[in-house]
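Novice: A structural model of the following input is requested.
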Amino acid sequence: MVQYKKRIIISFLIAWVGTAVFAQNSLQLQDKILDKKIQDSTKGLFIEGWSIGNAKVLNHFIDLANRTEINTYVTDVKEDDGYVSYASEVAEVKDLKNYIKKFDPVVTLSELHKNNIRVIGRVVCFKDPVMSFKRPDLALMNKNGEIWKDKEGNTWLNPYNKECWKYLVNIAKEAVKLGFDEIQFDYVRFTTNGDVAAIDFGKTKLKKYETINGFLAYARKEMPNTVISANVFGIICESEKDTEGIGQYLELIGKNMDYISPMFYPFLYAPGQIVNNVAFPKPDLDPYGVVYNAFTKTKARISTVKNYKAKLRPYLQDSTESSLEPGYFQTYGAVQVKQQIDAVYKAGGKGWLFWNSETEYSEDGFLPKAVAKK
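Specialist: Model (predicted):
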């Protein structure tokens, strides 16, 4: 009788454990499905590193996400000043002090995740005036043997140097361990700002786009289970192959990425630029037209490429570019934000990101959460 009771108890425990494991696995699967839905319908904003480290600013953006359609924020893991935005344990970052404590990633990510907000970690790649200065063996060099500098005096890492790849990917891998939901590579390209003809890239037969694609393939290999995206120039979606000579070839760059984010900022297009066979005399004045046509052409081009992995999730403009000639720019606000979002949807897109380097957004341009859920 005692043995019989023991068997019943053991059977019950086995069944209970099995049910618990099944329930846990089901919840994990549901979480993955939910996260994938949010990824594909990302509605996000970029928040600069110092800003997200300010409790008042962070709370403001958490509140914004809780009351509007915003569900994602992008912030700097590594900025274009070359510094990682927090105290990193990556050996070379730590040893060379290539970081500035702009925010505490553990605290920040915890607060955002508690409010069901996805966080994308932006990793600026080859524009790096810190590491390239401290490690000149990794820098772009002049043919005269000196470190090459762009028009602003910045030094860059050499994309052909695979030690640079390892450095960047180690920073990205640490960010994933800290809890970032996605890695977004920016400045994943060669420079065009300066006397490029004077650069000595070293002994290589690889084309620039082969090198950039190689770096992204390496990142994918090192982070097989991480959501990875890449920011690209909007103009590569209009140009053939790697016309700009930056290493970004639309039909190839998305093969190892989950998402590509072309920067469809209207102000970046030159007056008279043709996009999808439509001429734009003053692009900044027609945000809907620029974004709709840029997205439409990009979508059509990548649809013809077999096994193209990356989905299209553009960066859009929420800034007034008064540096343009009078008559060629306008004040951007909620109207222009809504026009660009509408253009993405009309062209068949689901997700979008907005950029404002000052972290000041036209918040009235975003739908209230109750309306967005309908």
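Novice: okay, helices next: where are they in the stretch 251-374 of the chain?
Specialist: 287-303, 334-346, 369-372 (DSSP state H, counting those that start in this stretch).
Novice: okay, those helices, which one's buried deepest?
Specialist: helix 287-303 (a mean of 21; mean count of other CB atoms under 10 Å). (Each C-beta comes from the backbone N, C-alpha and C, glycine too.)
Novice: please name every helix or strand in contact with that one.
Specialist: On a contact count with 3 or more CB pairs under 8 Å, 6 or more residues apart in numbering; DSSP states H and E, helix 287-303 meets helix 250-253, strand 273-275, strand 278-280, strand 311-312, strand 315-317, helix 334-346.
Novice: now it: mean pLDDT?
Specialist: Helix 287-303 shows a mean pLDDT of 98.
Novice: list the contacts of that helix.
Specialist: With CB atoms under 8 Å, 6 or more residues apart in numbering as the test, helix 287-303 has contacts from 234, 237-238, 250-251, 254, 262, 264, 266, 269, 275-276, 278, 280, 283, 308, 310, 312, 314, 316-317, 332, 336, 339-340, 342-344, 346-349.
Novice: rerun that using 6 Å as the cut-off
Specialist: Helix 287-303 is touched from outside by 234, 237, 250, 264, 266, 275-276, 278, 280, 283, 308, 312, 336, 339-340, 343-344, 346-347, 349, with contacts defined as CB atoms under 6 Å, 6 or more residues apart in numbering.
Novice: off-centre distance for it?
Specialist: In terms of CA atoms, centre = their mean, to the nearest Å, the centre of helix 287-303 is set 19 Å apart from its chain centre.
Novice: ok, now stretch 281-291?
Specialist: With CA atoms, centre = their mean, you get 23 Å for stretch 281-291.
Novice: and what of stretch 299-315?
Specialist: Distance, stretch centre to chain centre, for stretch 299-315: 16 Å (CA atoms, centre = their mean).
Novice: tell me which residues in that stretch are buried?
Specialist: Applying a neighbour-count criterion of 16 or more other CB atoms under 10 Å, one finds 301-302, 308, 310-315 buried in stretch 299-315.
Novice: likewise stretch 164-183?
Specialist: Using 16+ other CB under 10 Å as the test for burial, stretch 164-183 gives 164-165, 167-176, 178, 180-183.
Novice: pLDDT on that stretch, on average?
Specialist: Mean predicted lDDT for stretch 164-183 stands at 98.
Novice: show me the contact partners of it.
Specialist: Counting by CB under 6 Å, 6+ apart, 77-78, 90, 105, 109, 118-121, 123, 125, 138, 157, 215, 218-219, 222, 226-228 sit against stretch 164-183.
Novice: related to what we said a few turns ago, and the buried residues of stretch 299-315, which is closest to residue 152?
Specialist: Checking the buried residues of stretch 299-315 against residue 152 with CB to CB, the nearest one is residue 315 at 21.7 Å.
Novice: and for residue 192, the neighbour number?
Specialist: 11 (other CB atoms under 10 Å).
Novice: so where's the protein uncertain?
Specialist: For the chain, applying pLDDT under 70 flags the ranges 1-37, 374.
Novice: how about the strands in the chain?
Specialist: Along the chain, the segments classed as strands by DSSP state E run 43-47, 72-78, 118-124, 141-142, 182-186, 199-200, 228-233, 259-263, 273-275, 278-280, 311-312, 315-317, 352-355.
Novice: possible to save those as TSV with distance to residue 86?
Specialist: Supplementary listing: the strands of the chain in TSV, determined by distance: least, CB to CB, whole Å:
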stretch	distance to residue 86
strand 43-47	14
strand 72-78	8
strand 118-124	11
strand 141-142	31
strand 182-186	15
strand 199-200	32
strand 228-233	20
strand 259-263	23
strand 273-275	39
strand 278-280	41
strand 311-312	29
strand 315-317	24
strand 352-355	22
